[in-house]
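Enquirer: below: sequence and its predicted model.
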Amino acid sequence: MRTIAEAIGRGLKVPVKSIKPEESQSHFGWLSMFAGHDMPSSSLITRAKLDWKPVGPGLIADLDGMDYTQG
């Protein structure tokens, strides 16, 4: 989550800061139940079932390449 927030912060040219776990409820609201969990995922099943071979950048490279000036 930190890496994603840092990439978005770079794109928006805004500072990013860490918060303590006990501050997550007041900062994220109902999303706080997800913010503090490590939820690794994989596209392995999707790749196998659909014979999908992803192309293009990974998430962070994609976030870094976005045009954040478009509204």
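Expert: Received the coordinates, thanks. Just so we're clear, the structure is a prediction, and the values are computed from it rather than from any experiment.
Enquirer: what's the first helix or strand after the longest helix seen in the chain?
Expert: Selection of the longest helix in the chain by residue count, based on DSSP state H, yields helix 2-12. Using DSSP states H and E, the helix or strand that follows helix 2-12 in sequence is helix 24-28.
Enquirer: buried set for that next one?
Expert: By neighbour count on 16 or more other C-beta atoms under 10 Å, the buried set for helix 24-28 is S24. In short, each C-beta sits where N, CA and C put it, glycine included.
Enquirer: could you list the low-confidence segments of the protein?
Expert: 71 (pLDDT under 70).
Enquirer: give me the residue at the spatial middle of it.
Expert: Closest to where the C-alpha atoms of the chain average out (C-alpha atoms, centre = their mean) is I4, at 3.9 Å.
Enquirer: what about the longest helix of the chain, distance to the chain center?
Expert: Distance of helix 2-12 from its chain centroid, counting by C-alpha atoms, centre = their mean, to the nearest Å, is 8 Å.
Enquirer: and it, what other elements does it pack with?
Expert: Applying 3 or more C-beta pairs under 8 Å, 6 or more residues apart in numbering; DSSP states H and E, one finds that helix 2-12 contacts helix 59-65.
Enquirer: other SSEs contacting the helix it packs on?
Expert: When contacts are defined as 3+ C-beta pairs under 8 Å, 6+ apart, helix 59-65 sits against helix 2-12.
Enquirer: which residues are contacting the helix it packs on?
Expert: The contact list for helix 2-12, computed with C-beta atoms under 8 Å, 6 or more residues apart in numbering, reads P15, V16, S18, L59, I60, L63, D64, M66, Y68.
Enquirer: and for stretch 63-70?
Expert: Here stretch 63-70 has contacts from I4, A7, I8, R10, G11, L12, K13, P57, using C-beta under 8 Å, 6+ apart.
Enquirer: kindly export that stretch (C-alpha atoms) in CSV.
Expert: Coordinates of each C-alpha in stretch 63-70 appear next as CSV, following Å, rounded to 0.1, in the frame of the first residue of the first chain:
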residue,chain,number,x,y,z
LEU,A,63,0.8,4.7,-12.0
ASP,A,64,4.2,6.4,-12.6
GLY,A,65,3.3,6.8,-16.3
MET,A,66,-0.2,8.2,-15.8
ASP,A,67,-1.2,11.8,-16.7
TYR,A,68,-2.5,13.1,-13.5
THR,A,69,-3.4,16.5,-15.1
GLN,A,70,-6.4,15.1,-16.9
